[in-house]
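>>> For reference, the sequence and a predicted model appear below.
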Amino acid sequence: MTAYQLQRSNQLRRIDLELQHRLAVISSVMRRPGEGPGGRPPLDRFPPPPGPREDEPGPPERDGGPPPAEPRGPLGTEPALREGNLPPPTSLRLSPRDLTLFEGTSTNAYYYVVWARDGRSLSRSDSAPDDISRPSRIAEPNATRMRGTLREMFHYTPPGECVLAGRDISRELSDSRRFAGLLLGAGGAVLVLGLVGGWWLSARAIRPIKEISATASRISGGDLSQRIPADDTDNELGQLASVLNSTFARLESIFAQQARFTADAAHELRTPVSVMLTQTQSALTREREAVEYRETVEACQRAAQRMRRLIESLLELARLDADQEPMKRAPLDLGKLAAECLELVRPLAVERGLKIQAELPVTECTGDADRLGLVITNLLSNAIHYNREGGEIRIATQQDNGAAILTVADSGSGISPEELPHIFERFWRADKSRSRAHGRAGLGLAIAKSIVDAHGGVIEVASEPEKGSLFTLRLPARVTHGPFSGV
């Protein structure tokens with residue numbers, strides 16, 4: 001609409017300038033003296049004077065001199081020619097050069113009309129329409145009007161004559177209508193294209209959201225293996241899909257781990273409960289000697305102790321997972337702590353004939369001594385239980401690049417490569433039958449890893465079958481300004 005109005009305004013302005021130019025030409029001709037034939041003004045305001053009568057004598061002649069001048073008014077102004085006192089004009093004559101502006105008989109030719117004060121037509125071009133009428137007088141100069149397809153401009157002179165110039169603008173109006181049709185067609189095409197393109201873009205933008213919703217619905221239904229298709233990861237929705245997929249993967253892993261944990265815990269608890277039920281039922285079937293009752297009670301005690309250790313380990317893991325017992329942060333000597341733990345398990349190593357090599361210099365770090373002692377004790381216990389008879393255990397500590405490092409190596413049977421990634425999983429045992437026989441539930445390394453993670457450290461394992469295993473514990477060393485200074 002704006003483009004159409006602008007085009008129409010420019011077109012009418014151009015036509016008005018042409019009309020204004022022709023109107024100015026006619027007005028200037030009306031003001032110029034001496035351009036008509038015989039030196040008469042173009043606008044004849046006086047009818048031709050009648051000739052002298054034959055019976056009247058002419059004016060007296062003077063010998064050798066010009067005829068006497070007509071009387072003039074003040075300052076040489078002729079009172080009879082003053083603009084306010086002019087009689088009505090009788091005709092207007094344009095020069096051939098001015099007439100060229102109004103030549104032609106085509107439908108778009110310019111025309112003019114001049115009316116006298118009394119409404120008579122003084123002059124008009126051949127192309128002027130027959131039904132043209134003098135416009136009403138207004139104060140605005142160069143006023144315009146539309147009569148159908150005719151565009152006309154007019155003004156009134158001070159004496160009262162009306163000068164009008166006009167033109168048929170049918171062709172321009174047709175061009176404007178055609179331009180308006182083109183604009184409407186182009187606008188409609190753009191609108192349709194915008195609607196189709198907007199629908200396509202919105203459908204394409206919403207499709208990933210629908211896929212995310214559908215995938216989330218399937219996952220909430222219990223199928224944790226579902227993932228969101230994320231072909232384009234450069235845009236925001238693609239990045240969101242990638243984040244959600246990684247979240248779903250972690251959830252699946254956590255739920256699977258939780259399911260295994262529950263199953264393993266139930267399995268571990270079922271064994272001692274079965275032992276206790278079997279022993280008590282056997283004792284109650286008939287009267288027995290005191291020795292037999294004692295053996296039954298001792299078997300139930302061992303099963304109960306195993307259940308207690310398992311329950312304590314499960315509670316420890318639950319507290320570590322929930323951060324219910326924050327780790328202490330106190331300066332400690334990792335070498336001294338390892339020596340204390342070694343003395344605690346030394347009788348077990350001596351019982352199996354194991355040799356122990358220890359290099360435990362002062363190794364400063366910050367942490368919870370009780371929890372870290374549990375980790376070291378667990379590593380040493382594994383090195384004893386999974387070692388061969390008469391084997392060897394090596395334990396050492398050192399300070400390296402701001403970290404306190406403890407290593408525990410054994411000469412046992414080692415761990416196969418396919419089992420090595422699962423070594424820190426809960427209820428995992430490399431030799432399940434032997435571990436269960438020794439009352440081990442497979443939670444020690446899982447607890448050790450949770451404690452080390454809570455300290456911001458790392459625990460790693462390297463092993464080769466029939467050559468033994470090497471566990472490495474790395475803890476951040478404390479910032480010190482002297483021996484055992486606080487942090």
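Noted; the coordinates are in hand.
>>> Distance from the helix or strand where Arg178 lies to the middle of the chain?
Assessed by DSSP states H and E, Arg178 sits inside helix 170-220. Put simply, helix 170-220 sits 21 Å off its chain's centre (CA atoms, centre = their mean, to the nearest Å).
>>> Give the rounded mean pLDDT of stretch 303-317.
Mean per-residue pLDDT for stretch 303-317: 78.
>>> Low-confidence bits of the protein, can you list those?
For the chain, the stretches with pLDDT under 70 are 31-91, 104-108, 231-234, 264, 267-268, 321-325, 429-442, 478-487.
>>> now the strands for it?
43-44, 91-92, 110-115, 121-124, 143-147, 150-156, 162-168, 330-333, 355-359, 364-367, 392-400, 403-410, 458-464, 468-476 (DSSP state E).
>>> re earlier: could you give the angle of the helix holding Arg178 to strand 143-147?
If you take axes from the mean of the first three to the mean of the last three CA atoms, to 10 degrees, helix 170-220 sits at 80 degrees to strand 143-147.
>>> Tell me what angle helix 170-220 forms with strand 150-156.
Helix 170-220 runs at 120 degrees relative to strand 150-156, counting by the same axes, to 10 degrees.
>>> If you count contacts, what does helix 170-220 end up packed against?
helix 2-31, helix 236-284 (3 or more CB pairs under 8 Å, 6 or more residues apart in numbering; DSSP states H and E). (Each C-beta comes from the backbone N, C-alpha and C, glycine too.)
>>> go with 6 Å
With contacts taken as 3 or more CB pairs under 6 Å, 6 or more residues apart in numbering; DSSP states H and E, helix 170-220 sits against helix 2-31.
>>> so what's Ser121 up against?
Taking CB atoms under 6 Å, 6 or more residues apart in numbering as the criterion, Ser121 is in contact with Trp115.
>>> Tell me what it is bridged to.
Here Ser121 sits in beta bridges with Trp115, going by DSSP bridges.
>>> distance of it from Ile206?
Ser121 sits 74 Å away from Ile206, going by CB to CB, to the nearest Å.
>>> and what of Val375?
The spacing between Val375 and Ile206, counted by CB to CB, is 52 Å.
>>> Looking at these two, which has the bigger crowd around it?
Neighbours per residue (other CB atoms under 10 Å) separate Val375 from Ile206, with Val375 holding more: 28 against 12.
>>> The more buried one: what's it in contact with?
With contact set as CB under 6 Å, 6+ apart, Val375 has these partners: Ala448, Ile451.
>>> So what pairs up with Met153 in the strands?
Thr144, Ala165.
>>> My guess is it contacts Thr144. True?
Yes: counting by CB atoms under 6 Å, Met153 sits close enough to Thr144 to count as a contact (5.0 Å).
>>> out of the two, which sits in the busier spot?
Taking other CB under 10 Å, Met153 and Thr144 do not tie; Met153 has more neighbours (23 against 16).
>>> Could you report the separation of the more buried one from Met146?
The gap separating Met153 from Met146 is 11 Å, by CB to CB.
>>> Please enumerate the shared neighbours of these two.
Common neighbours of Met153 and Met146, counting by CB under 6 Å, 6+ apart, are absent.
>>> mind giving me the domain split of this protein?
The record's domain parsing of the chain by automatic domain parsing lists 1-39+86-168, 236-320, 327-476.
>>> which stretch among those domains comes nearest Gly188?
Gly188 lies closest to domain 1-39+86-168 among the domains of the chain, at 13.2 Å (CB to CB).
>>> Just the terminal-to-terminal distance for the closest one.
The first and last residues of domain 1-39+86-168 sit 25 Å apart, counting by CA to CA, to the nearest Å.
>>> So what's the gap between it and the chain middle?
With CA atoms, centre = their mean, you get 63 Å for domain 1-39+86-168.
>>> residue contacts, Met307?
Each residue near Met307 by CB under 6 Å, 6+ apart is listed here: Pro272.
>>> mind redoing it with 8 Å?
Applying CB atoms under 8 Å, 6 or more residues apart in numbering to Met307 gives the contacts Leu269, Pro272, Val273.
>>> ok, of those residues, which come out buried?
With neighbours counted by 16 or more other CB atoms under 10 Å, the contacts of Met307 contain buried members at Leu269, Pro272.
>>> quick one: which of the contacts of Met307 is nearest to Leu360?
Checking the contacts of Met307 against Leu360 with CB to CB, the nearest one is Pro272 at 37.1 Å.
>>> Confirm for me that that closest one is in contact with Arg306.
Yes: applying CB atoms under 8 Å, one finds Pro272 in contact with Arg306, separated by 4.7 Å.
>>> Any idea how many residues pack against Phe297?
For residue 297 the amino acid is Val, not Phe. Val297 is flanked by 13 other residues according to other CB under 10 Å.
>>> Any chance of the contacts of Met307 in JSON lines with distance to Leu173 as columns?
Below are these laid out as JSON lines (distance: CB to CB, whole Å):
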{"residue": "Leu269", "distance to Leu173": "98"}
{"residue": "Pro272", "distance to Leu173": "105"}
{"residue": "Val273", "distance to Leu173": "103"}
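>>> Quickly name whichever of the contacts of Met307 is closest to Leu342.
Closest approach between the contacts of Met307 and Leu342, by CB to CB: Pro272, at 30.3 Å.
>>> and that closest one, what does it touch?
Neighbouring residues of Pro272 by CB under 8 Å, 6+ apart: Ala303, Ala304, Arg306, Met307, Leu310.
>>> Name the nearest residue to it, sequence neighbours excluded.
Nearest non-adjacent residue to Pro272, counting by CB to CB, 6 or more residues apart in numbering: Ala303, 3.7 Å away.
>>> what's the neighbour count on the one you found?
Neighbour count for Ala303, taken as other CB under 10 Å: 20.
>>> my read: it touches Thr280, true?
No: using CB under 8 Å, Ala303 makes no contact with Thr280, being 10.3 Å away.
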